[in-house]
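Novice: Here is my input, please return the structure:
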Amino acid sequence: MKFLIHTGSGIGDMVQKLPMARAIKEEYPNSQIDFLMKGSASSWEVNNQIIELQRYVRRLYWYNVENKLHCAKLLFQLMMNCYDYGFVRDAGIAVDNEVPSLWVFRIMRWSGCKKVVGFLREYVDVYADVPDRAHYLERDRITLNAIGIKRDMKAETIDVSLTDKSILSSLKLGRKIIALSMGTNVYKWTENGKTIVYDVKTWAYEKWITLAQELVNNGYDVILIGGRKEAEELHERGIRIPENEHIYNFTGRTTLKQTLALLSISELTAGAEGGMMHCAAGMGKRTLTIMGGSDYKQWTPAGGEIVNLNLECSPCFSTRRAAYCKEHKCLEGITVEMVLKKILSM
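Specialist: Predicted coordinates:
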């Protein structure tokens, strides 16, 4: 059996789909499973690192309809695989009455998938009747049930032994470790030819740093993680990480495989909803996720806990309301004391 699974374009999206691949492998041990994402060569390079850290998915493909030459080559490669099933995630579902994109359905058809499975009844061969706001593991469980695969969805899918543990030699640890993931990605909303960059996920850097100091005072070592974006923003805003032998700042200094090695030795990872939180869950680690504009019912990392204010305007992520929000009460109202108390209780 051969399966092609459509995923989102982020690291978290890759990790969220790995439990589906694991369930398929448990049902069909000799199956071939590939991922397909919308993106570019550069985004493929980043996300392919997740593929290198697991043992269920054979290969990650990418498409972008504006790159016609690449798409032609892609279709030829996909056609050669003769997939039995092509799974389409929530692409195609309209948001705020926007026209849905149907390109992934076309690619599944043109590449010769024998049956396309998904949520838009008129475009698929096998319809998955998934409730609104279903958690991603439940959504994929229902989707697999639609083709007769009835398996528990196990979130632990990343092989810790494949991470880059060389980074751990720089640590001198004697206490329990808390990892703090300080960043997430910004998003774009386009309307009437105007593009708005917005962020309804990120907690303030100053709060993360204060939280780190409070955790040290409570007897923990703290690892701060983030990418190049976070490192540049800290520098541009003149925000300094305090010098403390119990605070390890790896912001902008590690590869993905090194970052996951750091998460693997942590008692708990706290952060905004995003890729690193889902990676931690994928390694079976405990997580505490700050949920601002994200929908906690759908996107809470598997098995983890959250801090969320449950405001009337939430969730708003991927909507016009998020793009035009100026107050961000859902994030600003979450205090250091609230997060510290939750971490200590866990």
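Novice: secondary structure class for K326?
Specialist: coil (DSSP: H, G, I helix; E, B strand; the rest coil).
Novice: Can you tell me how far V197 is from S345?
Specialist: The spacing between V197 and S345, counted by C-beta to C-beta, to the nearest Å, is 36 Å. All C-beta atoms are positioned from the backbone trio N, CA, C, and that covers glycine.
Novice: What about the closest residue to Y123 other than its chain neighbours, how many residues nearby?
Specialist: Nearest non-adjacent residue to Y123, counting by C-beta to C-beta, 6 or more residues apart in numbering: F105, 4.7 Å away. Counted with other C-beta atoms under 10 Å, the neighbours of F105 add up to 22.
Novice: Likewise for I265?
Specialist: By other C-beta under 10 Å, neighbour count at I265 equals 16.
Novice: confidence score at it?
Specialist: On pLDDT, I265 comes in at 96.
Novice: contacting residues for it?
Specialist: I265 makes contacts with 168, 173, 177, as judged by C-beta atoms under 8 Å, 6 or more residues apart in numbering.
Novice: can you give me the offset of stretch 104-115 from its chain's centre?
Specialist: 25 Å (C-alpha atoms, centre = their mean, to the nearest Å).
Novice: Run through who's touching that stretch.
Specialist: So stretch 104-115 is contacted by 4, 6, 36, 38, 63, 71, 74-75, 78-79, 81-86, 88, 91-92, 116, 118, 120, 123-126, 147 (C-beta under 8 Å, 6+ apart).
Novice: For ChimeraX, what selects the buried ones among the contacts of I265?
Specialist: Those of the contacts of I265 that count as buried under 16 or more other C-beta atoms under 10 Å are selected in ChimeraX with:
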select :177
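Novice: In the contacts of I265, which has the lowest confidence score?
Specialist: Minimum confidence in the contacts of I265 sits at L173, scoring 82.
Novice: which residues of this protein fall in strands?
Specialist: Remark: strands assigned in the chain by DSSP state E are 2-7, 32-38, 59-63, 85-87, 115-118, 126-127, 177-181, 187-191, 194-198, 221-225, 247-249, 268-272, 286-290, 305-307.
Novice: any chance you could map the helices in the chain?
Specialist: Using DSSP state H, the helices of the chain run over residues 11-27, 41-51, 68-81, 103-110, 136-145, 205-217, 228-236, 256-264, 275-282, 296-299, 320-323, 329-332, 336-345.
Novice: among the ones you listed, which is the most enclosed?
Specialist: When the helices of the chain are scored by mean count of other C-beta atoms under 10 Å, the highest mean neighbour count falls to helix 275-282 (a mean of 28).
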